[in-house]
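> model this:
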Amino acid sequence: MSQRYALVTAGAQGLGSAMARHLGRQGYSLFIHYYTSRENAEALQAEVAAAGGEAVCVQADLSRAEGRERLMAEIAGRTPALHVLVNNLGWYFIERLPDITLAQWEQALSLNCTVAFHLTQLALPLLEAAQPPGRIINIGDSACDRLAAHVMATPYHIAKLGLHVLTRSYAELLMPKGITVNMISPGFLENSVGRPPRRLPAGRKGSFDDVLGALDYLLSEQAAYVSGTNLLVTGAWQL
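Residues are numbered from 1 along each chain as shown. Prediction:
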């Protein structure tokens with residue numbers, strides 16, 4: 001199969017749209033997932049088409065198992081193979097631990113970790129069918145590689161720590177099949193909420209382009225032996 005297919009969750013805005021647009025320029029046929037951002041998704045689809053690429057908008061509520069199952073069934077109905085899965089969906093909210101509701105807790109764990117677990121599981125037949133074998137990219141967080149106290153946005157940080165473990169676990173499991181599983185962990189980006197708690201060593205916020213460079217490497221032929229890694233794109237922030 002000469003055509004390559006890529007799915008980017010939450011691909012209609014922010015970092016997701018930057019990655020989807022970039023993959024479109026690389027020649028991938030895109031599945032742009034969105035939940036409520038239909039106008040943004042369709043605008044990106046039109047942009048990709050105008051540049052000579054191919055993109056399909058796929059709507060799904062990924063907080064629900066049936067939404068994830070329907071999404072992958074729709075993709076499987078359009079292609080027998082998936083070459084790239086970018087688990088970009090996440091939810092960050094600023095709230096102190098004692099004030100977090102149970103609903104917020106469960107939603108943060110689901111959107112930041114459970115969705116990636118389940119979508120990867122559902123996508124495995126398509127990833128295994130890809131030639132060369134598929135690549136999985138999980139979007140982490142600058143602090144997801146270490147244990148630390150987080151009194152703000154606690155379930156978010158717990159979920160991203162879990163996503164790091166999930167990345168390494170799937171990497172070990174899938175490497176014999178040639179499928180690599182890696183994580184990109186951005187620092188304080190151009191669209192990050194609030195202000196960083198201290199000075200940024202690089203003297204600036206991270207840009208989407210900084211993340212795209214990491215994406216290019218992990219999808220390259222040279223990275224076929226790289227799996228289970230967490231690539232920090234933080235400008236040395238929070239080290």
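> quick one: the residue nearest the centre of the chain from residue 187, how far?
Nearest to the geometric centre of the chain sits residue 88, at 2.3 Å (CA atoms, centre = their mean). Residue 88 is 16 Å from residue 187, where distance means CB to CB, to the nearest Å. Just so you know, the C-beta spots here come from the backbone N, C-alpha and C atoms, and that holds for glycine as well.
> what's the answer for residue 163, then?
Remark: distance between residue 163 and residue 187 (CB to CB) = 16 Å.
> which stretches of this protein form helices?
Counting by DSSP state H, the chain has helices at residues 14-25, 38-50, 65-76, 102-109, 115-129, 154-174, 208-218.
> quick check: angle from the longest one to helix 115-129?
An angle of 20 degrees separates the directions of helix 154-174 and helix 115-129 when computed by axes from the mean of the first three to the mean of the last three CA atoms, to 10 degrees.
> and residue 228, what does it touch?
With contacts defined as CB atoms under 8 Å, 6 or more residues apart in numbering, the neighbours of residue 228 are 167-168, 171-172, 175, 181-182.
> hang on, I meant residue 16
Going by CB under 8 Å, 6+ apart, the list of residues near residue 16 reads 8-10, 86, 88-89.
> same check, this time on residue 57
Neighbouring residues of residue 57 by CB under 8 Å, 6+ apart: 12, 32, 34, 38, 41-42, 45.
> swap the cut-off to 10 Å and go again
11-12, 30-34, 37-38, 40-45 (CB atoms under 10 Å, 6 or more residues apart in numbering).
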